[in-house]
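> Need a 3D model of the sequence below.
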Amino acid sequence: MGKRKTQRKNATMLDSDDDNSSVSSSSTMHSDRMSVSGTEEVELNKDSLLDEAVDNLYEKRGSTREKALASIIEAFNSNLQHEFVEKKFATLLHRCLNSLKKGSSKEISLASRTVGLLALTIGPGDKAREILEESITPVSQAFKSGYESSKIASLLECLAIITFVGGIEPEETEKSMQIMWQLVHPKLGSNVITVKASAVVITAVVSAWSFLLTTMDRWSLSPKLWLESITYLSSLLDKDDRSVRIAAGEALEVIFEMGSLEKFATEAEGSNNGSVSEGNKSKEGLLHIQGLRAKILNQVRDLSVEAGGKGSAKKDLNYQRSLFKDVLEFLQDGYCPETSMKDRRGVTSDINMVSVDSVELFEALSWWRFH
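Take a look at the predicted model:
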């Protein structure tokens with residue numbers, strides 16, 4: 001009798017445990033459904049806000065379009081918007097291009113950043129190619145609509161990114177680099193109005209230009225154009241602004257590591273076809289190249305040991321010394337720091353660049369400094 005009583009008690013306890021487990025399980029399932037539902041509502045809310053922001057890009061009031069672009073940028077920076085981009089790609093691109101053509105400097109800056117983020121989200125392929133083809137003319141024209149430093153810097157970042165992601169042929173990259181170069185080193189002509197570029201613009205141009213240079217596989221420019229770029233960069237090493245000197249140093253390091261000066265010397269020697277005049281030109285060219293290299297070597301040596309002046313940021317000064325020390329070692333001994341960067345095809349370039357994934361590229365281009 002006592003045994004049966006104990007068995008009934010145990011059975012009752014087991015039934016009670018099952019009931020509690022069932023209740024607990026039911027409660028957990030309900031909680032999970034609420035959690036999933038809440039996540040879906042948040043995602044739907046984000047999508048609706050993005051849709052609303054795109055719709056606002058059609059508004060006539062410039063401040064409304066600026067706020068819409070800012071909210072789109074914030075959304076892109078928070079999460080990868082693949083589904084949204086697939087759905088709104090054409091609309092978003094063409095509204096941004098409209099902002100580049102007709103907007104204020106602030107709106108142009110925001111639209112530039114949006115186009116860059118759009119290209120990075122899409123990734124390499126036909127749509128990225130379309131972004132480059134559709135954007136390059138509006139971007140080029142926007143450079144001429146005013147010379148505010150922040151606007152020019154945003155346009156340069158945009159051009160660098162859409163070329164990096166969407167460009168396939170070397171000629172496409174060359175075209176973008178030439179557009180950049182014209183901002184600080186224009187070819188003079190009767191219809192060209194020259195404007196003295198600020199230190200901010202020079203730094204942005206040189207950094208964007210040299211960034212695209214690193215994506216090329218020993219890209220073949222004429223020796224004259226290469227020599228022109230090196231001569232100009234050498235002149236920047238004497239500027240008062242440290243950011244300009246650093247950008248020029250980084251660009252020269254890339255050029256040297258690509259073997260460009262040696263390329264000039266070889267072509268100068270090879271240009272001799274036996275005539276006296278051609279032989280003299282060859283020797284003159286070679287002597288000029290050697291003299292330019294010696295000049296840059298002295299400039300780099302001085303910058304690698306520069307003393308800090310009043311108001312000099314210690315971090316920037318230390319970075320400058322480190323950078324030019326690396327350049328000096330390379331020029332003197334051929335030593336190249338063991339860092340690399342992969343291009344859009346996944347090919348590692350033989351250059352001294354920080355390794356960076358293309359998805360992170362837009363934020364990294366502030367600009368690519370060695371970390």
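
> from here on, contacts and neighbour counts on C-alpha atoms
Will do.

> Tell me if I am right that Y58 is in a helix.
No: when the secondary structure is assigned by DSSP: H, G, I helix; E, B strand; the rest coil, Y58 falls in coil instead of a helix.

> close enough to count as contact, it and R95?
Yes: with contact defined as CA atoms under 8 Å, Y58 counts as touching R95 (7.3 Å).

> Those two: which has the busier surroundings?
A direct count of neighbours by other CA atoms under 10 Å for Y58 and R95 places R95 higher, at 20 against 15.

> Show the contacting residues for that one.
The neighbours of R95, taking CA atoms under 8 Å, 6 or more residues apart in numbering as the test, are 57-58.

> quick one: what helix or strand has it in it?
Here R95 sits within helix 82-102, counting by DSSP states H and E.

> Show me which residues of that helix are buried.
Neighbour counts using 16 or more other CA atoms under 10 Å place 85, 89, 92-93, 95-101 of helix 82-102 among the buried residues.

> Equivalent analysis for stretch 115-131, please.
Buried, per 16+ other CA under 10 Å, within stretch 115-131: 115-124, 127-131.

> residues touching R65, list them.
R65 touches 56-59, 107, counting by CA under 8 Å, 6+ apart.

> please redo it, this time with the cut-off set to 6 Å
The contact partners of R65, taken as CA atoms under 6 Å, 6 or more residues apart in numbering, are 56-57.

> separation between it and N77?
Per CA to CA, to the nearest Å, R65 is found 18 Å from N77.

> now swap in Q299 and tell me
40 Å.

> more neighbours, these two?
Neighbour count, other CA under 10 Å: between Q299 and N77, Q299 has more, with 18 against 13.

> ok, and the closest non-adjacent residue to the more buried one?
The spatially closest residue to Q299, leaving aside those adjacent along the chain, is L237, at 6.9 Å (CA to CA, 6 or more residues apart in numbering).

> wait, doesn't that neighbour sit right on R245?
Yes: under the criterion of CA atoms under 6 Å, L237 is in contact with R245, at a separation of 4.8 Å.

> So these two - more neighbours on which side?
Using other CA under 10 Å as the criterion, L237 and R245 rank with R245 on top: 25 against 20.

> where's that one, which helix or strand?
Using DSSP H and E, R245 maps to helix 242-257.

> And the contacts of that helix?
Here helix 242-257 has contacts from 203, 207, 210, 233, 236-237, 327, using CA under 6 Å, 6+ apart.

> same question for it, mean pLDDT?
If you average the pLDDT over helix 242-257, you get 90.

> Tell me the secondary structure at P186.
Strictly by three-state DSSP, P186 counts as coil.

> From R113, how far out is it?
25 Å.

> now do S198
From S198 over to R113 (counting by CA to CA), the distance is 21 Å.

> So these two - more neighbours on which side?
R113 (24 against 14).

> can you list the residues that contact the helix or strand that one falls within?
In this structure, R113 sits in helix 105-122 according to DSSP H and E. With CA under 6 Å, 6+ apart as the test, helix 105-122 has contacts from 66, 73, 96, 99-100, 128, 151, 154-155, 158, 161-162, 359.

> list the buried ones in stretch 69-84?
69-73, 75-76, 81.

> again with stretch 320-332
Buried, per 16+ other CA under 10 Å, within stretch 320-332: 320-331.

> which one of those residues sits closest to A307?
Relative to A307, the closest of those is R321; by CA to CA it sits at 9.4 Å.

> Per-residue pLDDT of Y147, please?
Value listed for Y147 in the pLDDT field: 81.

> How is E52 assigned, secondary-structure-wise?
Following three-state DSSP, we place E52 in the helix state.

> Give me the number of neighbouring residues for it.
13.

> That one and D241: what is the separation?
43 Å.

> Pull the number of nearby residues for the closest residue to S71 other than its chain neighbours.
Once flanking residues are discounted, S71 sits nearest to A53: 7.0 Å by CA to CA, 6+ apart. Using other CA under 10 Å, A53 is surrounded by 21 other residues.

> if I look at V54, how far off is L97?
With CA to CA as the criterion, V54 and L97 are 13 Å apart.

> Overlap in contacts, these two.
Joint contacts of V54 and L97 (CA under 6 Å, 6+ apart) do not exist.
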